[in-house]
Each structure stands twice: as structure tokens, then as C-alpha cells.
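1. Below: sequence and its predicted model.
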Amino acid sequence: MQDSLGRQIDYLRLSLTGRCNLACIYCRGGAGDTEWPDAGEPGGGQDGELSMGEIKRIIPCTTALGIRKVRLTGGEPLLREDLEEIVAYLGSVPEIQDLAMTTNGQGLARRAAALKKAGLGRVNISLDSLKPGVYREITRGGDLEETLAGVRAALAWGLEPVKLNCVILKGRNDGEAGAFIALAREQPLHVRFIELMPFRTAAGIASAGMTSAEILETHGELRRLEPETGPVETAYAGKGFRGTVGFISPISQPFCRNCNRIRITADGKLKTCLGHNRELDLRSLLTGPDTALRSAVAESAIAKSAIAEEIARKPGGHHFGEGFVSQRTMDRIGG
């Protein structure tokens, strides 16, 4: 469906968990902030996460309103033991034309084949350093080789295009942009530099992000590709590149006028914009446990109406840079 500004909203980012096996400094609030609080909701999955039954009740409401692309996020979606079951269900929904997942890659190598067989189309893998020590520092404990194994497995099993999401932070990994660009030159990988967004993060990080322009000005070999690859990404490549280099610039070059997405958090809240705190509690629209529905038809009608109203209210732009303070860290929203 279209929002009040005429944007076609067809993309859902569905967070499956707020739990993560890493604690990246720009994502989580502090070194010890690694647990997903128990929401205490009836019918929920582990620690209050949406259950498989709840997902099956929510997704038809969104596809009826025009959602055609779904990306699974977290936290870390690989921590859901029923991930393959969720993927198989979403892959069976006729309206969903594109099913992808964002992951940190820890454990992906062991499940890539099963996820592909279940129906997963492609993956984005978060990778902020190619140096083991720096990677461990940014992720607060991550194993670089484990993630690189996930990248190799994704390529081997055809979870393509494989995109690498990289946040460049001054004083930490700002000397590695060239190494990431080399990956796109030498391998069929699509490196995407994503500007840091000012969520509640570890001290000293919020002002450390590099803009896309700062990276581009030192890499004159890159040439902008036409046509554009999507509503939020500007893609580049160079002579002989096997992959591409993309820039996602929500702060320096906002793309709100082209935003086509909504998000559902792991605890069942609908968000239409990262730069606003407004949420719709989808669980409050559900009448009870899966086995005790008042009326599936009535429930669907109520939920669709509420979701449609919320999409119609989707803001025209984010409020980053205007003193906006998010009530959630990024992991509590879904990457």
C-alpha cells in the first residue's frame, strides 16, 4: 500500500530476536547489555520473542497490505532454533517475492545449506574489520574467522548476492576501507558502507562515524553505477570489479523520500521509521494463544486496519540530527 506521501510500502524487516552472541559497540548499549528482557507476553517465543504461531498470524496481514519483500533480522537471527522453520513458512507465502536475512555470520557456515534448502534467498553479513583484533574489539568478543567462514558458505550455497555491511568508525577501522573495496574487486561480494546512526550506544561512539563522502574522496577508482540499485543505496564499482561497493548514507544524504520499509521488532512492535519512537503493539491486536482465537477472520481484519493506519502515518523523514533520542538501542529494533 501507499503511505500518505505516496511511497509504496512493500518491504518488511522482521526481527526474530533481540538476543545476540556479539555485543557490537554501535549496536548495544554497554558491554554487559547482552540479554533480551523477558517481555512476559502470552504465546511468545523464548524470552518474549514472537512465536512461530504469532508470526503466522501477523505476516498475512502485512502481505495483504502489499508487503512483497521480507528481511529477517535480530539481534542475531541464527540464535532462533526454529529459524529454518520460519524461513520455510515465509518461503511458502505466495506474495513474498524476496526473502533475505541479515546476520553477523557467527554460526552461518553450519546452517547455510539448510537455510538455502528451506527457502532463504540471500544474506547480508555484518563485517566491520578484516583484522582479528579490531573485529574482536568492535564486536566485543567476536571470532573473525567464524564470520569469514559464513561468507564462504553463503557463496558456496548460493545465498547471493552476498552483501557485507560495514560501519566505519574513526580511530578504530577507518584505515580498512581500502581492504574492503579490494574484496569487491577480487570476489563476487557487494560491500556496503553504512553511516553510523546516533542510537544509544557505548560512550564515545556516536560521533565517530565516517560519512560516505569521506570514504569516497580517498578512493577515486570507484565510479557510480547506473541505474541505481535500490531506494537507499548508491552503488559504485571500478575496472575489473567482480562485486560492487555501496554507500548507505542516512545521515549525510537522507533517503527518506524513497523509504519503502516498515519494521516489526522481536517483541511485536511495528515501527515505520527508525528516527521516531512511535510504535504499534501488534500483540495487543492478537486475541490470545493460537488455540483460543476468538475469530481468525475478525482478528485479521482488526490487525490489517491498524497496520494500514500506522503505515498511513509513516513520517516524511527521520529526526536524526534534530536532538532525537531513540528509546531503543539498534538491537532492540532489528538491524
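-> The structure has been received and is ready for your questions.

2. Tell me where this protein has helices.
-> 52-64, 83-92, 108-118, 132-139, 144-156, 177-186, 212-216, 296-312 (DSSP state H).

3. Show me what counts as buried in stretch 132-152.
-> For stretch 132-152, burial by neighbour count (16 or more other CB atoms under 10 Å) applies to 134-135, 137-140, 142-144, 146-152. Glycine gets a C-beta too; all of them are placed from N, C-alpha and C.

4. Just the CA atoms of it, as CSV, please.
-> Coordinates of each C-alpha in stretch 132-152 appear next as CSV, following Å, rounded to 0.1, in the frame of the first residue of the first chain:
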residue,chain,number,x,y,z
PRO,A,132,41.1,-10.2,14.1
GLY,A,133,42.0,-7.9,17.0
VAL,A,134,39.9,-4.9,15.7
TYR,A,135,37.0,-7.2,14.9
ARG,A,136,37.1,-8.6,18.4
GLU,A,137,37.2,-5.1,19.8
ILE,A,138,34.3,-3.7,17.8
THR,A,139,32.1,-6.8,18.4
ARG,A,140,33.3,-7.2,22.0
GLY,A,141,34.4,-10.8,21.6
GLY,A,142,33.6,-12.0,18.0
ASP,A,143,35.7,-14.5,16.0
LEU,A,144,36.6,-13.1,12.6
GLU,A,145,37.3,-16.4,11.1
GLU,A,146,33.9,-17.7,12.1
THR,A,147,32.3,-14.8,10.2
LEU,A,148,34.6,-15.3,7.2
ALA,A,149,33.6,-19.0,7.1
GLY,A,150,30.0,-17.8,7.0
VAL,A,151,30.8,-15.6,4.0
ARG,A,152,32.4,-18.5,2.2
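
5. picking that back up, out of the helices of the chain, the one nearest R242 is which?
-> Minimum separation from R242 across those (CB to CB) falls at helix 177-186, 6.6 Å.

6. tell me the angle the closest one makes with helix 144-156.
-> Angle, helix 177-186 to helix 144-156, by axes from the mean of the first three to the mean of the last three CA atoms, to 10 degrees: 30 degrees.

7. ok, P161 - contacts?
-> Residues counted as contacts of P161 (CB atoms under 8 Å, 6 or more residues apart in numbering) are R122, P188, H190, G243.

8. Show me where the protein has its strands.
-> 11-15, 69-73, 98-103, 122-126, 162-166, 189-194, 223-224, 234-237, 244-248, 261-264, 269-271, 280-281 (DSSP state E).

9. Run the angle between the fourth one and strand 69-73 for me.
-> In this case it means strand 122-126. 40 degrees.
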